[in-house]
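*Asks:* Sequence and predicted model, in that order:
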Amino acid sequence: MSTDAQGARLHQAFRFALDPARTQRRALAAHCGAARFAFNWGLEQVQASLALREFELCMFGEVRSESLGWSLPELRREWNRSKELVAPWWGEHSKEAYSSGLAALAAALRGWRASRSGERAGAAVGFPRFRKRGRRDSCRFTTGPVRVDDPRHITLPRIGRLRTAEATVALQRRLTAGTARILAATIARDADRWFVAFTCEVDGAVVADNGRRDTVGVDLGVHTLAALSTGELVPSVRPLRREERRTRRLQRTVGRRRKGSARRRRAVGHLARAHRRVASVRRHHLHVLTTRLAQSHGRIVVEDLNVRGMIRSARGTLSQPRRRVRARAGQNRAVLECGFAELRRLLDYKCRWYGSTLVVADRWFPSSRRCSGCGTVRGDLPRRERVFRCGRCSLELDRDLNAARNLVRWAEAHDVAASAVETQNARGEAAAIRPPAGERLEEARTGPGPEPEGITTRGRHRSGLPNVR
Ligand SMILES: [Zn+2]
């Protein structure tokens, strides 16, 4: 990414619901099916090649046959050699469909290899598995006629002109003005509805500075979606809670239906629709909140919460199984629901768009156990205690608001670091400030061992961002 904010180019996705005719629905599904076919076919070849390799190593002590390459060009070459035989109907779909499946396979293999060799951090990536029909059906088009025709129509290779269920003006305007260029279009099914997502290169979307000088602390929570240091409590978006009974009922219905029956398929469809509704409401609320934050504050401080850890800890470990797993799992589900990993992701790119700075305070900074009035750190603070009460300065404050204020104080106390962060941010990186040595030692008891001290920034370059869903 360039340091010149004016000329910066970002990738942005524009997603629209489609309103396809019956025959077009079939064409969309067929293209996803073709992509899936190519993926599964490729995976089969890879597995066979690995098995042969192992056999040869065992028999001859060396690999004698040429093994299959895992890159997209190599997989595609292999596909073109075999397609006449394995898929004589290949001409019925755009060649982009097969390419899309093979690209997904190449990416999955790459991820697995990188994870195994330790190049890739995070949870282990498993070996690719065969794709099943109806699960995350999608297909990507990168060449051929991919267009937005008018506010209600788009064109895709082979499938042709499709009506959209929502207006595409946001994208169309940019395309006409020449500030956006379509790189690819992905069709995907979610429950019974089809969507298209255009990946675009967008010009000048980055603002260097939004002119605001204030700092706002955002405490992401379970009970409220977010507490702002300004005193505002943003209520949690839990449409799932409201619809939970409905969803549970639908789940039971699915369980009662005989496998493979038409009635079961119908019940599964109802359930998928309920889930989709919930997800889209949540997404909407997160977008509204993050846009407002990034537009109206100079600096946004959030905590680096280990969401994965919070979720996994519900079950405890084998030697120390946790009690009340169900209740905890419920709470953790609420955490998931609020989707604050998503919130962080949105803030990350929106801060860049709107010219604010995202500061990520260290995970082990005791933001919830510290008094925002006098700085005393409490030994423990049970989850159920919703109000923070300080024994020394008798401060009484909502637990999450107290945490949010601490985040602001944290950023202010590290202003030297913050100015360093700002220069980093101009280059489009989110920064993490680590606490000074003293604080780290104090906290070392509660968390895993301290990492190297000082100010570190995380180079989170993301070329393919953002993905507005
Ligand atoms: Zn106090």
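*Replies:* Okay, I see it.

*Asks:* From here on, just use CA atoms for contacts and neighbour counts.
*Replies:* Will do.

*Asks:* residues in contact with stretch 380-396?
*Replies:* For stretch 380-396, the external contacting residues (CA atoms under 8 Å, 6 or more residues apart in numbering) are 368-369, 371, 373-374, 376, 397-400, 402.

*Asks:* May I see the buried residues of it?
*Replies:* By neighbour count on 16 or more other CA atoms under 10 Å, the buried set for stretch 380-396 is 388-390.

*Asks:* Flag every buried residue along the helix ranked longest in the chain.
*Replies:* In the chain, taking DSSP state H as the definition, the longest helix is helix 22-60. Neighbour counts over helix 22-60 (16+ other CA under 10 Å) mark 24-25, 27-43, 45-46, 49, 52-53 as buried.

*Asks:* Ok, stretch 192-210 next?
*Replies:* By 16+ other CA under 10 Å, the buried positions in stretch 192-210 come out as 194-210.

*Asks:* Can you read off the pLDDT for the residue in the chain sticking out farthest from the centre?
*Replies:* Distance to the chain centre peaks in the chain at Phe60, reaching 46.2 Å (criterion: CA atoms, centre = their mean). Looking at Phe60, its pLDDT is 84.

*Asks:* And for His461?
*Replies:* For His461, the pLDDT comes out at 32.

*Asks:* Which neighbouring elements make contact with the longest helix of the chain?
*Replies:* Here helix 22-60 touches helix 72-86, helix 95-117, strand 138-141, going by 3 or more CA pairs under 8 Å, 6 or more residues apart in numbering; DSSP states H and E.

*Asks:* ok, what's across the strand from His11?
*Replies:* Glu201 (DSSP bridges).

*Asks:* these two touch, right, it and Thr199?
*Replies:* Yes. Using CA atoms under 8 Å, His11 is in contact with Thr199, at 6.7 Å.

*Asks:* Are we agreed that Ile300 is in a helix?
*Replies:* No. Assigned with DSSP: H, G, I helix; E, B strand; the rest coil, Ile300 falls outside any helix and is strand.

*Asks:* does it have beta-bridge partners, and which?
*Replies:* For Ile300, the beta-bridge partners are Val216, Leu358 (DSSP bridges).

*Asks:* Kindly tell me how buried it is, as a neighbour count.
*Replies:* The number of residues packed near Ile300 is 24, by other CA atoms under 10 Å.

*Asks:* how far away is it from the ion?
*Replies:* Using CA to the ion, to the nearest Å, one gets 24 Å for the distance from Ile300 to the ion.

*Asks:* Start and end of stretch 293-304, how far apart?
*Replies:* Distance between the boundary residues of stretch 293-304 (CA to CA, to the nearest Å) amounts to 17 Å.

*Asks:* closest point of the stretch 201-350 of the chain to the ion, which residue?
*Replies:* The nearest approach of the stretch 201-350 of the chain to the ion comes at Ser229, 16.4 Å away (CA to the ion).

*Asks:* wait, what's in contact with that residue?
*Replies:* Ser229 sits next to 216-218, 401-402, 404-405, 408 when contact means CA under 8 Å, 6+ apart.

*Asks:* and Gly69, what does it touch?
*Replies:* Applying CA under 8 Å, 6+ apart, the residues contacting Gly69 are Leu75.

*Asks:* Assumed it was part of a strand.
*Replies:* No. Gly69 is assigned coil when assessed by three-state DSSP, not a strand.

*Asks:* Give the phi and psi angles for it, as a check.
*Replies:* The phi/psi pair for Gly69 (degrees, to the nearest 10) reads phi -80, psi 150.

*Asks:* And Gly375, by the same measure?
*Replies:* Dihedral angles phi and psi of Gly375 (degrees, to the nearest 10) take the values phi 90, psi 0.

*Asks:* That one: how many residues sit nearby?
*Replies:* Counted with other CA under 10 Å, residues neighbouring Gly375 total 14.

*Asks:* Quick one: residues contacting it.
*Replies:* Remark: with contacts taken as CA under 8 Å, 6+ apart, Gly375 is in contact with nothing.

*Asks:* Please apply the same query to Ile182.
*Replies:* Contact analysis of Ile182 by CA under 8 Å, 6+ apart lists 146-147, 198-201.

*Asks:* Show me which positions of the helix or strand hosting Ala404 end up buried.
*Replies:* Under the criterion of DSSP states H and E, Ala404 resides in helix 399-413. Across helix 399-413, burial judged by 16+ other CA under 10 Å covers 399-411.

*Asks:* just the buried residues of stretch 380-396 that are near the ion?
*Replies:* Filtering the buried residues of stretch 380-396 for proximity to the ion (criterion: CA under 5 Å from the ion) leaves Cys390.

*Asks:* Show me which of the buried residues of stretch 380-396 is closest to the ion.
*Replies:* Proximity of the buried residues of stretch 380-396 to the ion (CA to the ion) peaks at Cys390, which lies at 4.6 Å.

*Asks:* What score does the closest one have for pLDDT?
*Replies:* Per-residue pLDDT puts Cys390 at 88.

*Asks:* I'd assumed Pro145 was in contact with Pro157.
*Replies:* Yes. If you go by CA under 8 Å, Pro157 and Pro145 touch, sitting 5.3 Å apart.

*Asks:* Of the two, which one has the most company?
*Replies:* The residue with more neighbours, out of Pro157 and Pro145, is Pro157; 18 against 13, by other CA under 10 Å.

*Asks:* contacting residues for the more buried one?
*Replies:* Each residue near Pro157 by CA under 8 Å, 6+ apart is listed here: 94, 141, 144-146.

*Asks:* do that again at 7 Å, thanks
*Replies:* If you count contacts by CA atoms under 7 Å, 6 or more residues apart in numbering, Pro157 has them with 94, 144-146.

*Asks:* quick check, nearest of those residues to the ion?
*Replies:* Closest to the ion, out of all of the contacts of Pro157 and judged by CA to the ion, is Val146, at 60.3 Å.

*Asks:* so what's the closest one closest to, chain neighbours aside?
*Replies:* Counting by CA to CA, 6 or more residues apart in numbering, Leu156 is the residue found nearest to Val146 once chain neighbours are left out, at 4.8 Å.

*Asks:* Figure out how far the longest helix of the chain is from the centre of its chain.
*Replies:* Distance of helix 22-60 from the chain centroid (CA atoms, centre = their mean, to the nearest Å) equals 26 Å.

*Asks:* Right, I'll leave it there.
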